[in-house]
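Novice: Quick one: sequence plus predicted model below, questions after.
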Amino acid sequence: MAPQGLSMKPGSIRSRFAYGFLRALKRLSKRRRPISSSSPKRIFHGYRIVKMAADASMASAVGSRRAWSRAMLRKLRCGRRRRFVMRRRREVVVNKVGSKELGFGQTDELRNLVPGGETMDFCSLLDETAHYIKCLTTQVQVMRSIVYFCS
């Protein structure tokens, strides 16, 4: 029995993501040894591989219609490894009552969260953010259903 609210229509983003993600996991399981009884470093490495498979499957399911998926696919194709670079933190403007003032600081944070958001104008950023959140929700639902069916 499938979890509530999870329908798999052929050709939907949900079904394309599920098919691509399961295919990627199958390829990974053939190449890798189980990571259950390994060191923390090996477990983290396995986590990164599964995350990359999930991101690639999600971006591939959406295709090149969205800027965030194009940016994610470009990043995955280039094979760049993230370097932990200390970023200079921007100072947040605080008003007299001590609450954060709305403005450019929050927009910059949103630009850093959405893949490819650094180059978008504000309206496009909001549109891409809404679609990205929808796809992340779909990703979580599909992954939960995979765990449900496997357990």
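Specialist: Looks like it arrived, so ask away. Numbers count the residues shown, from 1 in each chain.
Novice: so what pLDDT did the residue nearest the centre of the chain get?
Specialist: In the chain, the centroid-proximal residue (CA atoms, centre = their mean) is residue 55; its distance is 5.0 Å. According to the prediction, residue 55 has pLDDT 91.
Novice: Verify the stated contact: it with residue 73.
Specialist: No. Look at residue 55 against residue 73 with CB atoms under 8 Å: they stay out of range, at 9.0 Å. Every C-beta, even on glycine, is put in place using the N, C-alpha and C of the backbone.
Novice: contacting residues for the residue nearest to the centre of the chain?
Specialist: Counting by CB atoms under 8 Å, 6 or more residues apart in numbering, residue 55 touches 72, 76.
Novice: Please repeat the previous calculation with a cut-off of 6 Å.
Specialist: residue 72 (CB atoms under 6 Å, 6 or more residues apart in numbering).
Novice: Kindly provide the distance from it to residue 40.
Specialist: 22 Å (CB to CB, to the nearest Å).
Novice: Ok, residue 49 next?
Specialist: 15 Å.
Novice: who's more crowded, those two?
Specialist: residue 49 (16 against 7; other CB atoms under 10 Å).
Novice: and that one, what helix or strand is that in?
Specialist: Using DSSP states H and E, residue 49 sits within helix 40-62.
Novice: now that helix, how far from the chain's geometric center?
Specialist: Relative to the centre of its chain, helix 40-62 is centred 9 Å away, using CA atoms, centre = their mean, to the nearest Å.
Novice: Give me the next element, helix or strand, following that helix.
Specialist: helix 67-78.
Novice: Helices of the protein, start to end?
Specialist: Taking DSSP state H as the criterion, the chain contains helices spanning 13-31, 40-62, 67-78, 104-113, 122-150.
Novice: Can you point out the buried residues in the fourth one?
Specialist: Neighbour-count burial for helix 104-113, with 16 or more other CB atoms under 10 Å as criterion, is recorded at 110, 111.
Novice: for that helix, the distance to its chain's centre please.
Specialist: 17 Å.
Novice: Just the CA trace of it, in CSV.
Specialist: Taking Å, rounded to 0.1, in the frame of the first residue of the first chain, the C-alpha atoms of helix 104-113 are listed here in CSV:
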residue,chain,number,x,y,z
PHE,A,104,18.9,42.5,0.7
GLY,A,105,20.4,40.2,3.3
GLN,A,106,17.5,37.7,3.1
THR,A,107,17.5,37.9,-0.7
ASP,A,108,21.2,37.0,-0.7
GLU,A,109,20.6,34.1,1.5
LEU,A,110,17.8,32.8,-0.8
ARG,A,111,20.2,33.3,-3.8
ASN,A,112,22.7,31.0,-2.1
LEU,A,113,20.1,28.3,-1.4
